[in-house]
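**Student:** Sequence and predicted model, in that order:
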Amino acid sequence: MARVAALWRHPIKAHGCESLQSVTLAAGQTMPWDRRWAVAHEAARADGSAWAPCANFSRGAKAAALMAITARSDTAAGTVTLSHPDRPDLTFDPDREEAVFLDWVRPLMPEERAQSARILRVEGRGMTDTEFPSLSLVNLASGEDLGRRMGQVLSPLRWRANIHLEGLEPWAEREWIGRRLRAGGAELTVREAIGRCLATAANPETGKRDADTLGALKNEFGHTEFGLYAEVTSGGVLAVGDTVEPLT
């Protein structure tokens, strides 16, 4: 039976992850404070009035150094603390201190790419990569199997998922597409597999590309999918150690 090995959220899309021990999920919503903000680049067409595709935002696919950011949120104060091996820690309010953040992140952005320009937040909607508010799940055994095939250890944080699962056979999670799951006290419906981008090639400790994850997925399986997108269909508490199992 599958169990929750870890829970992660990403307060600012593509700019750091933080671990959680438990979370209260609500139907039709992302994990609270997951992708609450997103960083639009200077060529973006997004204005914060509605959800927008990921191509509008600064992200690890274009700026590998961003993958080494970690985050800590203070939800009461409305602040996020960002850490990176090449930058001093920064604690700031993304709604009010945009300029401070832009100065902090500028050295991590490649000069040839569109630069980060503004922080956006859509009220009541996390800026997931999907048009629907989603949670992402990965099977740790699948990541370990892919790493063995590549001859290297792959950190699960490359996949930027919300829920890490253990106790499954490698790739067994792909059988869950289209099915309902009981996850702790909540219910999820698995909508689709996650198509991966170049962000997963970057090491989350160094922010440098060191693994051809996309090439390996394509060569071994004929596609570049890893993990699942799910929608919360019934709210409840989900905690590390909880079981996750199909209902249908």
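**Tutor:** All right, it came through fine. No experiment lies behind these values; they were computed from the predicted model shown.
**Student:** which residues sit in contact with the closest residue to Asp242 other than its chain neighbours?
**Tutor:** Closest residue to Asp242 apart from its sequence neighbours, by C-beta to C-beta, 6 or more residues apart in numbering: Gly184 at 3.5 Å. C-beta: built from backbone N, CA, C; applies to glycine. Contact analysis of Gly184 by C-beta atoms under 8 Å, 6 or more residues apart in numbering lists Val4, Gly236, Val237, Leu238, Ala239, Asp242, Thr243, Val244.
**Student:** any idea how far Ala61 is from Gly184?
**Tutor:** Per C-beta to C-beta, to the nearest Å, Gly184 is found 31 Å from Ala61.
**Student:** With adjacent residues omitted, what lies nearest to His223?
**Tutor:** Leu217 (6.5 Å).
**Student:** that older thread, ok, so of the contacts of Gly184, who is nearest Leu157?
**Tutor:** Val4 (15.8 Å; C-beta to C-beta).
**Student:** closest to Met31 among the contacts of Gly184?
**Tutor:** Among the contacts of Gly184, and counting by C-beta to C-beta, the member closest to Met31 is Leu238, at 8.7 Å.
**Student:** The closest one: neighbour count?
**Tutor:** For Leu238, the neighbour count with other C-beta atoms under 10 Å is 24.
**Student:** the domain parsing of the protein - what is it?
**Tutor:** 2-10+17-29+130-246, 38-120 (automatic domain parsing).
**Student:** before we move on, back to that, kindly reformat the contacts of Gly184 as a markdown table and extend each row with pLDDT.
**Tutor:** Formatted as a markdown table, those follow (pLDDT from 0 to 100):
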| residue | pLDDT |
| --- | --- |
| Val4 | 98 |
| Gly236 | 98 |
| Val237 | 98 |
| Leu238 | 98 |
| Ala239 | 98 |
| Asp242 | 98 |
| Thr243 | 98 |
| Val244 | 98 |
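**Student:** Where do the helices of the protein begin and end?
**Tutor:** 98-105, 140-150, 213-221 (DSSP state H).
**Student:** which one of those lies closest to Arg125?
**Tutor:** Nearest to Arg125, of the helices of the chain and by C-beta to C-beta, is helix 98-105 at 19.2 Å.
**Student:** about what we covered before: OK, contacts around the residue nearest to His223?
**Tutor:** Contacts of Leu217 (C-beta under 8 Å, 6+ apart): Leu146, Arg196, His223, Thr224, Glu225, Phe226.
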